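>>> Dropping a prediction and its sequence here:
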Amino acid sequence: MMFRQFLALQQMSRRAIGSTVRRPLNKVPDKQKVFQEDNGMPVHLKGGSSDALLYRLTMALTVLGAGYVIFELVSAAFPKKK
């Protein structure tokens, strides 16, 4: 039983290594072309939709956090009357 699993794993690893598509190892020049392109976009949004989503999420959390801090400061400055 254990030997059969070992043989299956060995065969799968051979197939995975032998049938892989050759991809360029260095993707940095391609990324540099994308990020250095002058298309009017800010550099922090040139990565695509995931960058835009992360930017919006960060801005929303920043605004909500600042609002919460102001709320807590106001509530601390004016304590509740007993």
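Structure received. Residues are numbered from 1 along each chain as shown.
>>> Could you pull out the helices in this structure for me?
2-18, 28-36, 49-77 (DSSP state H).
>>> what would those look like in TSV with distance to V43 and mean neighbour count?
C-beta here means a position set from N, CA and C on the backbone, and glycine is covered the same way. Formatted as TSV, the entries for these read as follows, by distance: least, CB to CB, whole Å; neighbours: other CB atoms under 10 Å:
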stretch	distance to V43	mean neighbour count
helix 2-18	37	9
helix 28-36	6	10
helix 49-77	10	10
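>>> Could I get these in JSON lines, plus columns for distance to P42 and mean pLDDT?
Formatted as JSON lines, these follow (distance: least, CB to CB, whole Å; pLDDT from 0 to 100):
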{"stretch": "helix 2-18", "distance to P42": "40", "mean pLDDT": "68"}
{"stretch": "helix 28-36", "distance to P42": "11", "mean pLDDT": "87"}
{"stretch": "helix 49-77", "distance to P42": "9", "mean pLDDT": "95"}
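>>> Centroid-nearest residue for the chain?
Geometric centre of the chain, nearest residue: S50, 6.7 Å, by CA atoms, centre = their mean.
>>> which ones are touching that residue?
Contacts for S50 were tallied using CB atoms under 8 Å, 6 or more residues apart in numbering; there are none.
>>> Tell me the spacing between K27 and K33.
Remark: distance between K27 and K33 (CB to CB, to the nearest Å) = 11 Å.
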